[in-house]
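Q: this one's sequence-less:
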Ligand SMILES: NC(=O)C1=CN([C@@H]2O[C@H](COP(=O)(O)OP(=O)(O)OC[C@H]3O[C@@H](n4cnc5c(N)ncnc54)[C@H](OP(=O)(O)O)[C@@H]3O)[C@@H](O)[C@H]2O)C=CC1
Ligand SMILES: O=CC(=O)O
């Protein structure tokens, strides 16, 4: 299977290398074109523009930062729409349902086929093909590209009409962002009240709250180390989009709103490019100390 891949950030790079490793022919494009060089070393070809990639490949996957990036790659000059007639586009970026629907409508109007397929799971699951893929849109296309989803993920869910994948992803990340803030506060409270935060990790791990995120992030957070796996600026984008979904549906989400404020504060402290666990640093800021 020959696929195009647009967007070689943390996730796109790992996912496209994984596809190459499993025998897919991959043609890549990235806004900063020099980032394609590493993929060429892994056997990829390069397309000069999104349009060139779509022209060459029957299936093109995108993994871009946010709604404005996702829209720009489709609608701007030399974008996906130029050659989409008869081709298939799978947007795996985390965006809101409106963005996804706009892209879907434009692609279908030009004779193309569309799936949204945001993923749960971070850099390591992307490298290992262990993502959870939240798919919606054209069911026949979903069945056709299952071999690629099977390489990228450990499980894919088909959720029906376009928008449902985006919404599911935002709900999941709203929960994750809220949990990360509660976890950070707990680590800080343990430390400031004279307990060992390391022992807190052990206690949590043995009980009903044991989870992969605490296990993975806890030890590095205790070392004040936040190498970016899931950039904090993207987690804040997801909180913002999830809160907008809450607004639309009149769902009161005070916990998520507070978590969003903490991520915004972390961004204002210049922590946006670090891992989202760097929200922990907001609790060390002067206005939080006694
Ligand atoms: N990292 C993670 O753990 C996870 C991330 N996600 C989601 O996946 C998506 C990608 O995340 P991640 O790889 O971490 O992000 P990165 O910030 O590492 O990469 C973002 C990518 O988007 C491109 N981009 C940004 N703006 C534009 C634009 N205006 N036009 C074209 N391309 C643009 C960047 O290009 P350039 O190199 O030129 O800047 C880069 O390729 C996001 O939606 C994120 O929320 C989902 C699950 C896990
Ligand atoms: O979107 C981030 C993730 O870890 O999933």
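A: Cool, the structure landed. From a predicted model like this one, the values you see are computed outputs, not experimental measurements. Numbering: from 1, shown residues only. Ligands and ions are numbered 1, 2, ... in the order given.
Q: wait, residue 224 sits on residue 275?
A: No. If you go by CB atoms under 8 Å, residue 224 and residue 275 don't touch, sitting 11.5 Å apart. Every residue, glycine included, has its C-beta placed from N, CA and C.
Q: who's in contact with the closest residue to residue 118 other than its chain neighbours?
A: Counting by CB to CB, 6 or more residues apart in numbering, residue 118 lies nearest to residue 169, which is 3.8 Å off, once chain neighbours are set aside. Listed by CB atoms under 8 Å, 6 or more residues apart in numbering, the contact set of residue 169 reads 94, 118, 119, 120, 134, 238.
Q: ok, the nearest residue to the first one once chain neighbours are set aside - how many residues close by?
A: Nearest residue to residue 94, sequence neighbours excluded (CB to CB, 6+ apart): residue 118, at 4.8 Å. The burial count assigned to residue 118 is 26, neighbours taken as other CB atoms under 10 Å.
Q: for residue 118, phi and psi?
A: Here is the backbone geometry of residue 118 (degrees, to the nearest 10): phi -60, psi 160.
Q: now do the contacts for it.
A: Residue 118 is in contact with 92, 93, 94, 95, 133, 134, 165, 166, 168, 169, counting by CB under 8 Å, 6+ apart.
Q: how about those, which pair is most distant?
A: Maximum pairwise distance in these, criterion CB to CB, is 15.0 Å, between 95 and 133.
Q: of the two, who's got more company?
A: Between residue 95 and residue 133, counted using other CB under 10 Å, the more crowded position is residue 95 (29 against 26).
Q: in strands, which of the contacts of residue 118 appear?
A: 133, 134 (DSSP state E).
Q: could you dump the contacts of residue 118 into TSV with pLDDT and distance to residue 57 added?
A: Below are those laid out as TSV (pLDDT from 0 to 100; distance: CB to CB, whole Å):
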residue	pLDDT	distance to residue 57
92	98	15
93	98	18
94	98	23
95	98	22
133	98	19
134	98	23
165	98	21
166	98	24
168	98	27
169	98	24
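Q: write the ChimeraX selection for whichever of the contacts of residue 118 are buried.
A: Command for ChimeraX that selects the buried part of the contacts of residue 118, burial taken from 16 or more other CB atoms under 10 Å:
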select :92,93,94,95,133,134,165,166,168,169
